[in-house]
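A.B. asks: Sharing a model prediction with you, sequence too.
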Amino acid sequence: MAAQTRPKKPIRWHIGVFLAPAVLVYTAIMILPLAGTLQLSLFRNIEQSQVFVGLSNFRTLFGDPNWSVNFWNALRNNVWFFIIHMLVQNPIGVLLAALLSSPRLRFAAFYRTAIFVPTILSFVIVGFAWKLILSPIWGVAPHLMDFVGLKSLFTPWLGKEQYALTALSLVSVWQFVGIPMMLIYAALLSIPDEVIEAAECDGITGMAQFWKIKLPLILPSIGIISILTFVGNFNAFDLIYTAQGALAGPNYSTDILGTFLYRAFFGFQLQVGDPNMGAAIATMMFLIILAGVCVYLFLVQTRLRRYQF
Amino acid sequence: MSTATHSLPRTIGAHAVLLTYTAIALFPVILVIMNSFKSRAGIFGAPLTPPTPKTFDLIGYTTVIGQGDFIHYFQNSLVVTVASLFFVLLFGAMAAFALSEYRFRGNTMMGLYLALGIMIPIRLGTVAILQLMVASGLVNTLTALILVYTAQGLPLAVFILSEFMKQVSDDLKNAGRIDGLSEYTIFFRLVLPLVRPSMATVAVFTMIPIWNDLWFPLILAPSEETKTVTLGAQLFLGQFVTNWNAILAALSLAILPVLILYVIFSRQLIRGITSGAVK
Amino acid sequence: EDVTLNIESWRGDDLTIWKDKLIPAFEAKNPGIKVVFAPSAPTEYDAALGAKLSAGSAGDLITCRPFDKSLELFKKGNLADLSSLPGMDNFSPVAKAAWQTDDGKSSFCVPMASVIHGFIYNKDAFDKLGLKVPTTNEEFYAVLDKIKADGTYIPMAMGTKDLWEAATMGYQNIGPNYWKGEEGRLALIKGEQKLTDPQWVEPYKELAKWKPYLGDGFEAQTYPDSQNLFTLGRAAIYPAGSWEIGLFNTQAQFKMGAFPPPVQKAGDTCYISDHTDIGMGLNAASKHPEEAKKFLSWVASPDFATIYANALPGFFSLNNTPVKMEDPLAQEFVSWRGKCKSTIRSTYQILSRGTPNLENETWVESANVINGTDTPEAAAKKLQDGLDSWYKPAK
Amino acid sequence: MGSLNIENVKKAFGPVEVLKGIDLEVVDGEFVVFVGPSGCGKSTLLRVIAGLEDSTSGRVLIDGDDVSVTPPAKRGIAMVFQTYALYPHLTVKNNMGLGLKQAGTPATEIERRIKIASAMLSLEPYLERRPAELSGGQRQRVAIGRAVVREPKLFLFDEPLSNLDAALRVNTRLEIAQLHRRLKATMIYVTHDQVEAMTLADKIVVLNAGKIEQIGSPMELYNSPANEFVAGFIGSPKMNFIDSAKLGETAKTIGVRPEHLTVDAKSGAWKGTVVHAEHLGADTNLYLDCEKAGLLTVRIFGVYNAEPGATLFATPDPAKTYRFGADGRVLK
Amino acid sequence: MGSLNIENVKKAFGPVEVLKGIDLEVVDGEFVVFVGPSGCGKSTLLRVIAGLEDSTSGRVLIDGDDVSVTPPAKRGIAMVFQTYALYPHLTVKNNMGLGLKQAGTPATEIERRIKIASAMLSLEPYLERRPAELSGGQRQRVAIGRAVVREPKLFLFDEPLSNLDAALRVNTRLEIAQLHRRLKATMIYVTHDQVEAMTLADKIVVLNAGKIEQIGSPMELYNSPANEFVAGFIGSPKMNFIDSAKLGETAKTIGVRPEHLTVDAKSGAWKGTVVHAEHLGADTNLYLDCEKAGLLTVRIFGVYNAEPGATLFATPDPAKTYRFGADGRVLK
Ligand SMILES: Nc1ncnc2c1ncn2[C@@H]1O[C@H](COP(=O)(O)OP(=O)(O)OP(=O)(O)O)[C@@H](O)[C@H]1O
Ligand SMILES: Nc1ncnc2c1ncn2[C@@H]1O[C@H](COP(=O)(O)OP(=O)(O)OP(=O)(O)O)[C@@H](O)[C@H]1O
Ligand SMILES: [Mg+2]
Ligand SMILES: [Mg+2]
């Protein structure tokens, strides 16, 4: 592009300096160990030594019904888990952020903190608290439903195959609504007041203002939230594990890729961990998530316009 | 903005929605805390009523306190969380700035590379990480935890921060360049202060999993000197599976510190927002 | 300079006992050796231990799960061979079987305790309703019916949410009476019997009958829920493992009794699950193997057995030297060893080595059967099919 | 239809009082220009009128109704912001059309109005661009266009032409004047440009430090300023103020506009030395250092050649000399 | 020290070519003003000089060195942005001081320079405020102050006075002129204000649609514009262009500046009707509709009363009449 007479650009060392610490720590402590683990998927432990077997672990994973049935089940459940988050968690998060960011709202700090409280709790606490609440024995949920005259609708949700996954997804939504809320809130606050004021003068108020002015300006943040939800959901493990155990009962109805991977990799109860098959599952999870992230990075993100304020 | 831009029904509506959701968000937490102050019979008999003189009982707390040196565990957690947070935010913001500000070959690939970390649970790398720490003699030190958490927190931080950094006005950075500021100064003096709200957001996101993590303290630093609060609490959670007084008390105690930390950060966040939103 | 030995364990519950009783007793006799009991949560134990062993940062002494889990560690070279450890001969071959190679040649963990299954009941409730302890199936259901009809108590406290309750407290508890303990278990391993045989399906049929006697919403009832239901006096019978004794003693405000799993017909031989559950091995990479062995020898001694069994009623010593126990309920449980034939859980040895894992599947299917989502026959067939897919016993 | 009454409006930001009691009456269809030094509160007053800022006290009435709690959207106003405040995500066309679309105006009508406005503002080539791809002046024109298409009863313009070049500025000024005549809308217009103020206004309001100094038609202000401030503010170059002490007059200060001084090489009232000459083409500004009167600016029509250092005599037009008392007020 | 050479610089945004080959030489210490219609590329050219925008081709030399790859920070320049680009999180004082602090200037020296600059720009009361708490004009002054305190060898000003009131504008203009003399720095200045351009510039560069139309001293441009565009652009009100066809001349167009027409009620060259009279105080603009010459603007010094509809005769000064050919160029 430039004329030949132009001198070469000097090397921009600062880019390296900015990247170096993160890249070094991250590579040494995260990427190398993980790569080491994922390559196990190409090996098999035979007589206490690792033997290269190519893709045969993957053949087992997809060919052997003992593995494939579980894998597809976990994947299906995981997709449902994700759908619920996208349909419930993110809209609620956006709604709450939109309400919170309305100017001069009283108690905004209180609401924001309160709504974020579940997000800061550990899975142990969340799992435990909700098991207690939904437990038919302790009776909080039936009590409450009695209160509004819906007691007849109560069932032991966490114990029923048809409800357990949805119930847990909703618990997870409850826990994580704070994250989309905070991100959107930060994005909304960075919209200049004057643009909003111009809209007020233009007669674009209330809902219309949200849809036509604010939403387009926070779309990049919504994009981020969607991809973070996707990544988070396909990596999810802890909540199911603390609430339903590693076997993700009843009858594997709450089994997602994370729990499936955990059982395979680390073993469970009498089941001895199989790092090779575990690595094969992890590789599949990784590829699924990577595909999603690439779709986002290369198809979605480049199309979302960002505005500088 | 002015009162004229507000309508009363809309304000009431907003409060109604927020209050409802606040109730949903807080209910389980309040339930746990409330019942932690009740006797066993009280917990089961009337879970929804606050402690009455008859059901009030601190037995749970007396059981829990004195189960180990919790002040010390707390210090450990604090050191680990704050130090990791510092490095995640610093390194993460630096890398995010490089990715969002400069166009260079491999920019997107570098972004993707730095995002790989959120796609695989770091747990899977445990053995290699542990070997690394054993080799470098860092087992049972807080440094090991700080390193791991820093690595673990970076991908998300870079991902979110680079998005927010793209919103900082070019003219502003250019004004800095014209003013003779080096790229480093532009980053530290101009960009960092302006993305403070998102830094605070990222800080909160990063802090939670670190504070709540069980696995790495268990593997890398389980010794009495380096134990974290969560690990300490988990141990006696296991111990009292059926002692609900103790469990509820332990849960309540576990909620407190992280709540305090969060409130501190969110203060920062508000301050960041009010000073950063100046356009 | 004192040598410090670290014990890896999943028994966080025993922390105080180790700290206050066992370790001081050992240290008093062995100056120069310090012992630290460092438990992790049961759910994390195996994974964490595996990682630490691979990386070389695990403690000197390893608490052993029974059978394959520990065998695997031994095969990998993580556990030292303890066949010649002084004190190993204090244990019967049956006791040692859980921590031996398949050929029985090498032992790698010192057996510590076993647990016995049965039913604990609320004596006050039985007295109030005028019930007699059941010995046969018929009596058992009669008692359950009466409790149900009365309505004051939930007849039986068990939930299926945690899965393993259904398998361990249900299937493994009553099963030995049907498959005749060791006889059936070994035949299964040899391939002479199948899980679809009547003696293996029958226990499921019984479990399926339990459903009406369980509390409302038992599908979502967790193990601690069951414990609480019983100790708060809201349930009359609790399908139990003997490890509950310690806890129940402190929590229940009523008198308790225990009975072994009822037999099919009066006069039948009774079988009980007396399951070797916990042992202790030596980390092959330990820097202080001599001191550690000294400690293990002490664990194998009757001294240890006495302190341990009394401190933890319900964990019964496997030592040949009989241990004098104070707790009446524990005495009741252990007395069944004399009346009935002992066996261990059917799925533990060899059969859970492959994929699918028979133990895990048994958890899931036992819960399914009680929940009514699978018939006993279907459940049995699933289990056998799974087993067949990888287990080819030499005939 | 578009009358405006402002009654004793005050506005403070924290401890700083920015508007110190403004009273103003604007009749329907009037074109009112606010002028005043930078920071005197012009934008703030506009924002109070628009309802974007609460006044600390006082009332704003539009068409006789107190609008203190009426949202901006319901006040029937359009505003051009000093900082443009364009919607960054919308094209120029949609920036202009959004308000109309929201109001349910038919698409063809929207199209028509945008066409007219963009022609008037020479924006046609940029209709599909986004604000970030426009130059400063182009953005400002979009902001004007956005207000214009809505045809409200009350326009608020905050320095709408400051970034335009002279030619465009004259054109746009004429277009605004025409718009004013055509729509018969009331317009309130903030500007720093003397020409704009003088040519557009029916009435100029001179603000200073949050207070109104004088209200009047352009020529009223030019010819009979109420006080020294207004006299100095209206007219460019600024009126010369001469300390009377030196001249032996009764008034505190004597004021003469540069255009009301004549120079002569030979004789005149005040003898001085040329310090600097500014050649603007159509006229020339001479800066004379006079013995008696101090530094004087003299404005001469056409090109006038005077070398710095030369001696010249300046003579004021006695009919156009102002006398100010110690309080700054004009003495008659 | 501060010379600048621009050689055939081109700049395109995607398909749109904004600068179409600019050649310019600025000697050390010169004051150069860029003028041109909105959107013609003035800001873009400044940004290329500053190094904020890569030119598509061509070279920029500062002091003879090709700075194409020198980062802005190393070019020894200061710039005032059209959008101000203040640091929102810093106080006025720190906005001005940051660059100096970065350069390691001693604190007392920083303090001193800020003091001088803020006095010169009347910013003292606002030193502790943040940009959001300032009015438009105040922000603009801060932006100027930030550039001024650095005393670089090359200043770039992008419409630095557009938001200031007349008085302040004159003052600041004089201060900039003084600064220029004192620092002997080179200054490049974009403005739409004729007075600023005429009074400040050593050399005015007239840009149009990405090309240079003419370069020259202010009076050169005023007296001998190279073409119709420059003639129309320099001088306000704009030169009258009369279609020669109606007058029977050889040139395509005849140009007469408004100030070079005289009016008389009785006789003159072109008879016309008064359409509108603008009273600016110091002078009056008359719009005459002439039978032969079309609509003419006449600028008259002082107040001139003419009712719309009255008949007047306008006469051009033949010595100051321009003749343009079909290509727009001046015919001599
Ligand atoms: N990022 C961009 N993408 C596309 N076109 C652009 C971009 N920036 C500027 N332009 C166009 O380039 C042209 C020149 O812009 P520039 O800002 O240099 O104008 P200017 O002479 O400074 O105008 P003004 O006096 O209005 O500030 C304009 O027509 C503008 O629309
Ligand atoms: N948010 C605020 N907080 C504190 N002071 C403010 C705030 N906004 C404006 N001011 C101050 O109020 C005064 C009036 O500001 P305003 O914007 O109305 O001035 P203006 O007359 O429009 O000036 P300009 O001609 O420079 O645009 C200024 O001195 C300004 O510093
Ligand atoms: Mg203003
Ligand atoms: Mg510009």
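C.D. replies: Arrived safely. Ligands and ions are numbered 1, 2, ... in the order given.
A.B. asks: For the rest of this, base every contact and every neighbour count on C-alpha atoms.
C.D. replies: OK.
A.B. asks: contacts for stretch C:225-236?
C.D. replies: The contact list for stretch C:225-236 (C-alpha atoms under 8 Å, 6 or more residues apart in numbering or on different chains) reads A:137, B:242, C:121-122, C:125-126, C:147, C:152-159, C:237-238, C:248, C:251-254.
A.B. asks: Quick check, the residue in chain D closest to ligand 1?
C.D. replies: Distances between chain D and ligand 1 by C-alpha to the nearest ligand atom are smallest at residue D:137, namely 3.1 Å.
A.B. asks: correct me, but that residue touches residue D:166?
C.D. replies: No - contact criterion C-alpha atoms under 8 Å: residue D:137 and residue D:166 do not qualify, at 11.3 Å.
A.B. asks: Can you pick out the residue with more neighbours from these two?
C.D. replies: Neighbour count, other C-alpha atoms under 10 Å in any protein chain shown: between residue D:137 and residue D:166, residue D:166 has more, with 25 against 21.
A.B. asks: Quick check on the nearest residue in space to that one that is not next to it in sequence: phi, psi?
C.D. replies: Nearest non-adjacent residue to residue D:166, counting by C-alpha to C-alpha, 6 or more residues apart in numbering or on different chains: residue E:192, 5.9 Å away. Residue E:192 adopts backbone torsions of phi -110, psi 0, taken as degrees, to the nearest 10.
A.B. asks: Likewise for residue C:190?
C.D. replies: The phi/psi pair for residue C:190 (degrees, to the nearest 10) is phi -70, psi -10.
A.B. asks: secondary structure class for the spatially closest residue to it that is not a sequence neighbour?
C.D. replies: Leaving aside its sequence neighbours, residue C:190 sits nearest to residue C:393 (C-alpha to C-alpha, 6+ apart; 5.7 Å). The assignment at residue C:393 comes out as coil when based on DSSP: H, G, I helix; E, B strand; the rest coil.
A.B. asks: Tell me, how many residues neighbour residue C:393?
C.D. replies: By other C-alpha under 10 Å, the residues close to residue C:393 number 12.
A.B. asks: Show me which residues of the stretch 1-150 of chain B sit near chain A.
C.D. replies: B:1, B:5, B:11, B:14, B:18-19, B:21-22, B:25-26, B:28-29, B:32, B:44, B:47-48, B:91-92, B:94-95, B:97-98, B:102, B:114, B:116-122, B:124-129, B:147-148, B:150 (C-alpha under 8 Å from any C-alpha of the partner chain).
A.B. asks: Could you rerun that using 6 Å?
C.D. replies: Contact residues (C-alpha under 6 Å from any C-alpha of the partner chain) of the stretch 1-150 of chain B with chain A: B:14, B:22, B:25, B:91, B:94, B:95, B:98, B:119, B:120, B:125, B:128.
A.B. asks: Please render these as TSV that adds secondary structure to the earlier fields.
C.D. replies: Rendered in TSV, the data for those read as follows (three-state DSSP):
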residue	secondary structure
B:14	helix
B:22	helix
B:25	helix
B:91	helix
B:94	helix
B:95	helix
B:98	helix
B:119	helix
B:120	coil
B:125	helix
B:128	helix
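A.B. asks: neighbour-wise, which of those residues leads?
C.D. replies: The most neighbours of any of these, using other C-alpha under 10 Å, belong to residue B:95, which has 31 neighbours.
A.B. asks: what about that residue, distance to residue B:228?
C.D. replies: As judged by C-alpha to C-alpha, to the nearest Å, residue B:95 and residue B:228 stand 29 Å apart.
A.B. asks: Same check on residue C:80?
C.D. replies: In terms of C-alpha to C-alpha, residue C:80 sits 31 Å off from residue B:228.
A.B. asks: neighbour-wise, which of those two wins?
C.D. replies: Applying other C-alpha under 10 Å to residue C:80 and residue B:228 shows that residue B:228 carries more neighbours, namely 31 against 20.
A.B. asks: Just grab the bridge partners of residue D:22 for me.
C.D. replies: Residues in a beta bridge with residue D:22, per DSSP bridges, are residue D:9.
A.B. asks: From what I see, it and residue D:41 are in contact.
C.D. replies: No - in this structure, residue D:22 is not within contact of residue D:41 by C-alpha atoms under 6 Å, at 10.4 Å.
A.B. asks: Give me the more crowded residue out of those two.
C.D. replies: Neighbour count, other C-alpha under 10 Å: between residue D:22 and residue D:41, residue D:41 has more, with 24 against 18.
A.B. asks: Dihedrals phi and psi, the more buried one?
C.D. replies: The phi/psi pair for residue D:41 (degrees, to the nearest 10) is phi 110, psi 10.
A.B. asks: Quick one: name the residues of chain D near ligand 4.
C.D. replies: With C-alpha under 5 Å from the ion as the criterion, chain D comes near ligand 4 at residues residue D:136.
A.B. asks: you'd agree residue C:314 is up against residue C:247?
C.D. replies: No - Residue C:314 is not in contact with residue C:247 according to C-alpha under 6 Å; the separation is 9.8 Å.
A.B. asks: okay, the two: which has more neighbours?
C.D. replies: Neighbour count, other C-alpha under 10 Å: between residue C:314 and residue C:247, residue C:314 has more, with 27 against 17.
A.B. asks: Which secondary structure state does that one sit in?
C.D. replies: Secondary structure for residue C:314, judged by three-state DSSP, is coil.
A.B. asks: Roughly how far does it sit from ligand 1?
C.D. replies: Residue C:314 sits at a distance of 79 Å from ligand 1 (criterion: C-alpha to the nearest ligand atom, to the nearest Å).
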